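In: quick one, structure for this:
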Amino acid sequence: MTQLYSNELISLEKKIQNLEMTSSNCREFDLDFLYDLQRCKDWIIANNIKKVCLQFPDYLLYDVANVVKLFESALEMHVYVLGDTSYESCCVDYVAAAHINADGIVHFGSTCFSKPVEVIPTLLVHEKSKFDLDKLFNAFADQFHADTCGDVSVILDTPFIYKKEQMRLIKDIHQDITLHGLDEEDINVENRRVLYVGDNNRKLMIFNQLYKPKELFYYNNSNPEYVQAYAMDLKAIKRRSYLREVIKDSKTVGIIMGTVSVKNYKVIMHRMIKLCRLHGKKHYLISVGKPTVAKLANYPELDVYVLIGCPMNDIFDSRDYYKPIVTPHDVETALNPNAAGVRYHDLTSLAENNDDLNNISVNVCDVSLLSGTVRTVEEVQPDENTNDTIISLRQDGSVALQYKDGHLSSRTWKGLEQNIGKTEVELASEGRKGIASGYETEPK
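Out: Just a heads-up that it's a prediction; the model follows:
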């Protein structure tokens with residue numbers, strides 16, 4: 001059973017790293033301010049919530065006991081803690097909250113770019129990190145001169161949104177500057193220069209690919225004296241190009257359901273299935289909770305995995321898995337010739353363009369840039385009545401496979417089944433005695 005979970009040493013190292021990261025920032029704040037207790041209390045009372053869940057990321061678990069005491073004393077009711085999320089801690093865990101029929105969730109900590117399905121009322125309380133406003137203003141003045149900053153937008157990452165009112169001093173000096181928090185939905189920075197204030201490099205990369213500003217600069221606490229220009233990692237660009245060729249070469253694709261809390265995840269799932277069918281690729285739906293190396297190693301027949309989930313998942317950068325793991329955007333750019341307008345990691349834009357697949361033309365023959373061989377595509381007419389292949393992991397850890405044909409149908413082992421009513425009933429009989437090196441019934 002331990003193989004079904006993450007490596008203990010990796011989990012321990014991750015916990016220590018996050019505690020060190022937050023000890024210098026979060027612990028300097030008062031708990032009332034850090035967790036917005038008054039705002040949470042007002043929201044719970046205003047929405048008449050009787051059963052509320054508090055969701056914490058791993059690096060804030062050391063505050064759980066104190067925060068729960070403050071909540072229960074202020075609300076005079078019991079609260080529930082979600083400490084181990086079903087998928088990523090930056091996404092709201094509606095699955096765990098539904099187990100106790102919660103009617104409200106308060107999410108603490110880092111949040112991502114995903115748009116939630118909002119099946120349960122949710123309040124987001126962003127994490128908070130300290131930074132020196134004077135140093136930021138000085139660095140801003142050095143990079144952007146007063147007569148050339150009319151097209152500059154300042155974007156605050158979620159740990160610094162609480163400083164937004166104080167940041168308006170920049171707008172008082174330079175009135176043409178726009179100021180946004182990363183949690184806003186109406187961010188438009190096309191044809192503008194952007195100063196991104198934040199410490200999360202992955203968020204910075206996704207922001208650049210998602211919003212595509214004219215120029216991108218960033219400021220963080222690791223180098224508070226300067227504003228630095230952002231440049232795409234050449235290794236990341238090469239890897240994305242390589243993965244697109246892997247997708248084109250693949251014959252079998254595993255579609256991993258890595259979330260049920262992100263909006264339009266079902267639409268994207270059906271879109272990935274349709275693209276696979278148009279290109280003659282066999283697909284399998286996989287639902288195993290949090291993907292791990294041990295879980296996905298059960299399916300060596302698959303050539304590549306596409307993970308439908310949170311863009312902040314670090315699994316995309318991992319090299320531990322036996323087969324490559326790609327994003328829906330990678331599949332789009334590899335298999336859809338009309339994918340130029342699709343934004344990176346934007347499931348909403350993919351869902352809105354769901355009808356464009358009816359007009360794409362598939363290249364029946366081309367050459368692989370990896371192997372140098374000729375790729376042929378068999379024309380497959382999508383059959384809407386065909387039952388999708390499903391691979392799932394049960395609560396007891398056994399693997400359940402459901403399929404009608406394809407590579408996995410030739411397996412001799414097809415999962416642990418109880419076969420209730422299919423086996424002959426027999427009386428219990430005495431078994432072997434002794435130890436493995438020599439049972440009593442074995443010949444001497």
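
In: now the strands for the stretch 51-200 of the chain?
Out: Listed in chain order, the strands of the stretch 51-200 of the chain (DSSP state E, counting those that start in this stretch) span residues 52-55, 80-82, 104-108, 122-125, 152-156, 178-181, 193-197.

In: and the contacts of the fourth one?
Out: In this case it means strand 122-125. By CB atoms under 8 Å, 6 or more residues apart in numbering, the residues outside strand 122-125 that reach it are 35-36, 39-40, 43, 92, 104-109, 111, 116, 183. C-beta: built from backbone N, CA, C; applies to glycine.

In: same thing but 7 Å
Out: Outside strand 122-125, the residues that touch it by CB atoms under 7 Å, 6 or more residues apart in numbering are 35, 36, 40, 43, 92, 105, 106, 107, 108, 111, 116.

In: least confident of those residues?
Out: Ranked by pLDDT, the contacts of strand 122-125 bottom out at residue 116 (75).

In: just give the number of residues close to that residue.
Out: By the criterion of other CB atoms under 10 Å, residue 116 has 19 neighbours.

In: ok, the residue lying closest to it once chain neighbours are set aside - how many residues close by?
Out: Nearest residue to residue 116 in three dimensions, chain neighbours excluded: residue 92, at 5.2 Å (CB to CB, 6 or more residues apart in numbering). Using other CB under 10 Å, residue 92 is surrounded by 28 other residues.

In: the strands of the stretch 51-200 of the chain: which one's closest to residue 277?
Out: strand 122-125 (35.5 Å; CB to CB).

In: how distant is that closest one from the center of its chain?
Out: Between the centre of strand 122-125 and the centre of its chain there are 18 Å (CA atoms, centre = their mean, to the nearest Å).

In: ok, stretch 426-441 next?
Out: With CA atoms, centre = their mean as the basis, stretch 426-441 stands 50 Å off its chain's centre.

In: and the residue nearest to residue 198 when sequence neighbours are not counted, how many neighbours?
Out: Counting by CB to CB, 6+ apart, residue 198 lies nearest to residue 157, which is 2.7 Å off, once chain neighbours are set aside. By the criterion of other CB under 10 Å, residue 157 has 23 neighbours.

In: likewise residue 65?
Out: Count around residue 65 with other CB under 10 Å applied: 10.

In: can you check the one 10 residues further on too?
Out: A count of neighbours around residue 75, defined by other CB under 10 Å, yields 16.

In: the one 10 residues further on too?
Out: With neighbours defined by other CB under 10 Å, the count for residue 85 comes to 20.

In: from residue 287, how far off is it?
Out: Distance of residue 85 to residue 287, computed by CB to CB, to the nearest Å: 16 Å.

In: residue 284 belongs to a strand, doesn't it?
Out: Yes. Looking at residue 284 with DSSP: H, G, I helix; E, B strand; the rest coil, it is inside a strand.

In: so which residues of this structure form helices?
Out: 8-23, 31-34, 37-46, 64-75, 94-98, 133-143, 164-173, 201-211, 234-249, 265-278, 293-296, 328-335, 347-352 (DSSP state H).

In: residues contacting residue 78?
Out: Residue 78 neighbours (CB under 7 Å, 6+ apart): residue 72.

In: spatially nearest residue to residue 432, not counting backbone neighbours?
Out: Nearest to residue 432 is residue 439, by CB to CB, 6+ apart, at 4.5 Å.

In: so what's the residue count around the one you found?
Out: With other CB under 10 Å as criterion, residue 439 counts 11.

In: before we move on, what about the one 5 residues further on?
Out: The burial metric for residue 444, expressed as a neighbour count using other CB under 10 Å, is 4.

In: contacting residues around it?
Out: Not one residue lies near residue 444 by CB under 7 Å, 6+ apart.

In: now the spatially most central residue of the chain, nearest residue through space, not along the chain?
Out: For the chain, the residue nearest the mean C-alpha position is residue 310 (2.0 Å; CA atoms, centre = their mean). Leaving aside its sequence neighbours, residue 310 sits nearest to residue 88 (CB to CB, 6+ apart; 4.4 Å).

In: need the pLDDT of that neighbour.
Out: 76.

In: residue 315 is in contact with that one, correct?
Out: No. Here residue 88 does not reach residue 315: they are 9.5 Å apart, not a contact under CB atoms under 7 Å.

In: which one of these two is surrounded by more residues?
Out: Between residue 88 and residue 315, residue 88 has the larger neighbour count (other CB under 10 Å), namely 23 against 20.

In: one step back: so which of the helices of the chain gets nearest residue 433?
Out: helix 293-296 (34.5 Å).

In: may I see the buried residues of that closest one?
Out: Buried residues in helix 293-296, counted by 16 or more other CB atoms under 10 Å: 295, 296.

In: quick one: average confidence on it?
Out: 88.

In: distance from that helix to the middle of the chain?
Out: Centroid displacement of helix 293-296 relative to its chain, using CA atoms, centre = their mean, is 17 Å.

In: same question for stretch 194-210.
Out: Offset of stretch 194-210 from its chain centre (CA atoms, centre = their mean): 16 Å.

In: could I get the buried residue list for that stretch?
Out: Result for stretch 194-210 [16+ other CB under 10 Å]: buried residues 194-200, 203-210.

In: what comes into contact with it?
Out: Under CB under 7 Å, 6+ apart, the answer for stretch 194-210 is 113, 129, 136, 140, 152-157, 159-160, 213, 216-222, 227, 230, 311-312, 343-346.
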